[in-house]
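S.K.: Need coordinates for the following:
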Amino acid sequence: MRDPRYYSVYILASRRNGTLYIGVTNNLARRVHEHRNDLVEGFTRRYRVHHLVWFETSQDIAAAIDLEKRIKHWRRAWKIELIEKSNPQWEDLFDRL
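M.R.: Below is the predicted model of the structure:
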């Protein structure tokens, strides 16, 4: 029997109330490491979005992708509220992974 696979929806920020990036991955630690070290071309490198401020995990890839898409379409204020519910100080959660 295979180990259960986990998928994470996550939000990175450049700083408190700064630029936000929403993504989904099957390996959160690896993916955030790639963003933090600018190993990935694109948005997070260009805008220096490196701090993991929120994430949620699921065993259902379809549910994770759906959540990512929904959050991407939310108003900015709702995204900030989501972050501040569980991380009011906007701490970088990377070391807790």
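S.K.: any weak-confidence spans in the chain?
M.R.: Applying pLDDT under 70 to the chain flags residues 1-3.
S.K.: Helices along the chain, start to end?
M.R.: 28-36, 43-46, 61-73, 76-86 (DSSP state H).
S.K.: Which among these is found nearest to Thr19?
M.R.: Thr19 lies closest, by C-beta to C-beta, to one member of these: helix 43-46, at 8.5 Å. C-beta: built from backbone N, CA, C; applies to glycine.
S.K.: circling back to that earlier point, highest average neighbour count across the helices of the chain?
M.R.: helix 28-36 (a mean of 17; mean count of other C-beta atoms under 10 Å).
S.K.: Packing partners of that one?
M.R.: Helix 28-36 sits against strand 7-13, strand 20-25, strand 51-58, with contacts defined as 3 or more C-beta pairs under 8 Å, 6 or more residues apart in numbering; DSSP states H and E.
S.K.: can you list those strands in CSV and add mean neighbour count and distance to Glu34?
M.R.: Listed next are the helices and strands packed on helix 28-36 as CSV, based on neighbours: other C-beta atoms under 10 Å; distance: least, C-beta to C-beta, whole Å:
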stretch, mean neighbour count, distance to Glu34
strand 7-13, 23, 11
strand 20-25, 19, 9
strand 51-58, 20, 12
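S.K.: do you know which of those strands lies nearest Val40?
M.R.: Nearest of the helices and strands packed on helix 28-36 to Val40, taken as C-beta to C-beta: strand 20-25 at 9.9 Å.
S.K.: partners of that closest one in the sheet?
M.R.: Strand 20-25 has the following sheet partners, assigned by DSSP bridges: strand 7-13 (antiparallel).
S.K.: orientation of the partner strand relative to helix 76-86 in degrees?
M.R.: 110 degrees (axes from the mean of the first three to the mean of the last three C-alpha atoms, to 10 degrees).
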